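>>> Give me coordinates for this.
(one chain, ligands or ions: 1)
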Amino acid sequence: MDGQAHTDNSDQKSAEPQDAVPTLSIAELEADPHGVFRRYRPRMPFTAHEAGGYLVLRARDLERVFRDPRVQSTETVYPEMRGITDGVLFALFEQGMLTSNGGVHRRRRSPFTRTFAARLIEELRPRIRQTAEDLIASWSGEDEIDLVERYTAMIPAQTISGLLGLPLADIPHFTRLVYDVSRVLSFTFQPEDIPTLEAAARELQAYVEKILAEKRRTPNGDFLSRYLAEAEASAELAPLEIIVQIVQLIIGGTDTTRVAGAMQVALLLEHPEQWQAVCRDPDLIPGAVAEALRYEPSVASIGRVSREDMELDGLTLPAGSFLMLSTMSAMRDEMVYARPDVFDIRRTDHPRLHPVYGGGPHRCIGEALARVELEEGLTALIRRIPQLGLAGTPPKLQGHSGIRRIDQMHVAWTN
Ligand code: HEM
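Numbers count the residues shown, from 1 in each chain. Down below sits the predicted model:
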């Protein structure tokens, strides 16, 4: 959210005394996250989280934290809070760009920045459009499908496979593993699920190791072959670090956009006049994509840790405090958005940088890619099946932190 224009919310009441910070239970948050945030946000900038740490609720405070050098990245907050402190699952987060800071972060992230730059990603637009068109063409003769399985999961999976040079035949295998592993970034798992998640993490690591071994044996000039050769020649990254950066790209590049793609279609179909407006006028698509990401984001919060004692909006945070920056709450902050609980694809008060992609040095590296995938996914759908409708119960996004989840979403149409 760096640098974005927003209404000053100095008239919001300042924090109540620290001992009044309420503790939210995971169950309460899971049942009605927006309702909980709406209740607390105007009165208090923070709440404590049952599993530990503080939820930061207001847009203004998120911006401050992203800019504050005393606050650093640590996505290991989510595994640790649920008792995962070792194993492959932990390493997959701990060794990645997402969890690192300063020079280590730059070393892990910089090999990818050019590939994911908006200008180069824009060149992929025709290919992504073709992927979406081909997927829709493959439903010929059908009149009901699970849109997540057959479309919104496939567009990002095929795109990231093409970009990195992963065999398309591997998609079902690695998307299943990613879906299990990324649960660690939400609270949608129980302690008894941990062995399953750890097994998935081991398999995912082994999968990427196998792919890299093939690229080393027979480099073919694709992205991974080049990345591997350069990383090994520079010796700046340990072998496990190389694997983990690829795993993080695969996780970031699939699950987040899979959920966002489904949610944007669901929200438009639940607001039929807006679906019809988009069908009539495709120029509304970028606004629809941005609004769906604001209204029901696929990533709900970002983890950080304070490295020094510090004060934030009246709350004294001791060094080592976990902060869950709730983008999900901040994107409904009534001090930034007019009628924040209204889904409106024509709204004009989106900040210049969309908050769903975070802020500061860790701002999403795949933002441009996600935007193109979401825009093209929606464009192909409205062009080919404007008569689309939801089949069965409307989908509900699970989760209020990290990557949110949606298992399936049935849609139907008349031929
Ligand atoms: C709608 C889709 C997406 C959303 C909402 C999203 C959201 C985010 C957010 C909030 C962060 C910052 C995390 C933090 O500061 O701790 C992030 C980082 C990241 N994202 Fe995305 N993302 C999306 C799509 C993608 C895609 C398509 C890729 C594929 C390349 C990707 C790869 C990454 C990576 C590798 C990072 C870590 C960057 C770093 O730590 O320097 N994301 N994403």
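
>>> mind saving the C-alpha coords of stretch 175-183 as CSV?
Listed in CSV are the C-alpha atoms of stretch 175-183, where the atom choice follows Å, rounded to 0.1, in the frame of the first residue of the first chain:
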residue,chain,number,x,y,z
THR,A,175,-1.3,-28.7,-7.4
ARG,A,176,-2.5,-31.4,-4.9
LEU,A,177,0.7,-31.1,-2.9
VAL,A,178,0.6,-27.3,-3.0
TYR,A,179,-3.0,-27.3,-1.7
ASP,A,180,-1.9,-29.3,1.3
VAL,A,181,1.3,-27.4,2.0
SER,A,182,-0.2,-23.9,1.8
ARG,A,183,-2.7,-24.9,4.5
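
>>> average pLDDT across that stretch?
Average pLDDT, stretch 175-183: 88.

>>> Show residues contacting that stretch.
Outside stretch 175-183, the residues within contact range by C-beta atoms under 8 Å, 6 or more residues apart in numbering are 89, 92, 153, 157, 189, 193, 196-197, 200-201, 203-204, 207, 247, 250-251, 254-255, 258, 402-403, 405. Every C-beta, even on glycine, is put in place using the N, C-alpha and C of the backbone.

>>> what's the answer for stretch 308-325, then?
Contacts with stretch 308-325, where a contact means C-beta under 8 Å, 6+ apart, come from 14-16, 18, 21, 45-46, 49, 52-56, 58, 60-62, 64-66, 68, 70-71, 74, 77, 81, 301-307, 401.

>>> Which stretches in the stretch 201-350 of the chain count as strands?
With DSSP state E, counting those that start in this stretch as the definition, the stretch 201-350 of the chain shows strands at residue ranges 302-306, 310-312, 315-317, 322-325.

>>> partner strands of the helix or strand hosting residue 411, parallel or antiparallel?
Assignment of secondary structure by DSSP states H and E places residue 411 within strand 410-412. For strand 410-412, sheet partners with direction are given as strand 144-146 (antiparallel), strand 389-390 (antiparallel), following DSSP bridges.

>>> picking up where we left off before, please flag which of the contacts of stretch 175-183 sit within helices.
For the contacts of stretch 175-183, the ones inside helices are 89, 92, 157, 196-197, 200-201, 203-204, 207, 247, 250-251, 254-255, 258, with DSSP state H as the criterion.

>>> Narrow those residues to those that are buried.
89, 92, 157, 197, 200-201, 203-204, 207, 247, 250-251, 254-255, 258 (16 or more other C-beta atoms under 10 Å).

>>> So for the ligand, which of the strands paired with strand 410-412 sits nearest?
With C-beta to the nearest ligand atom as the measure, strand 144-146 is the member of the strands paired with strand 410-412 nearest the ligand (19.7 Å).

>>> Next secondary structure element downstream of that closest one?
From strand 144-146 onward toward the C-terminus, using DSSP H and E, the following helix or strand is helix 147.

>>> how far away is residue 73 from residue 255?
Distance, residue 73 to residue 255, by C-beta to C-beta, to the nearest Å: 19 Å.

>>> Correction: the previous question concerned residue 313.
For residue 313, the distance to residue 255 equals 32 Å [C-beta to C-beta].

>>> How about residue 167?
As judged by C-beta to C-beta, residue 167 and residue 255 stand 20 Å apart.

>>> again, but for residue 178
Between residue 178 and residue 255 the distance is 6 Å, computed by C-beta to C-beta.

>>> Worst mean pLDDT across the helices and strands of the chain, which element?
Of the helices and strands making up the chain, the lowest-confidence element is helix 77-81, at a mean of 69, by mean pLDDT, DSSP states H and E.

>>> which bits of the chain sit near the ligand?
Applying C-beta under 6 Å from any ligand atom, one finds that the chain approaches the ligand through 73, 75, 97-98, 109, 116, 156, 248-249, 252-253, 256-257, 260, 298-299, 302, 356-358, 362, 364-366, 369-370.

>>> The same query, at a cut-off of 5 Å, please.
Where the chain comes near the ligand, counting by C-beta under 5 Å from any ligand atom, the residues are 97-98, 109, 248-249, 252-253, 256-257, 260, 298-299, 302, 356-358, 362, 364-366, 369-370.

>>> Select only the buried ones of the residues you listed in ChimeraX?
Paste this into ChimeraX to select the buried members of those, with burial taken from 16+ other C-beta under 10 Å:
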select :97,98,109,248,249,252,253,256,257,260,298,299,302,356,357,358,362,364,365,366,369,370
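
>>> Low-confidence stretches in this structure?
Segments of the chain classed as low confidence (criterion: pLDDT under 70) are 1-19, 75-78, 81.

>>> Can you tell me which of the contacts of stretch 308-325 are buried?
Here, 16+ other C-beta under 10 Å leaves 15, 21, 45-46, 49, 53-56, 58, 60-62, 65-66, 68, 71, 74, 77, 81, 301-307, 401 buried among the contacts of stretch 308-325.

>>> so residue 287 sits right up against residue 354, yeah?
No - counting by C-beta atoms under 8 Å, residue 287 stays clear of residue 354, with 11.5 Å between them.
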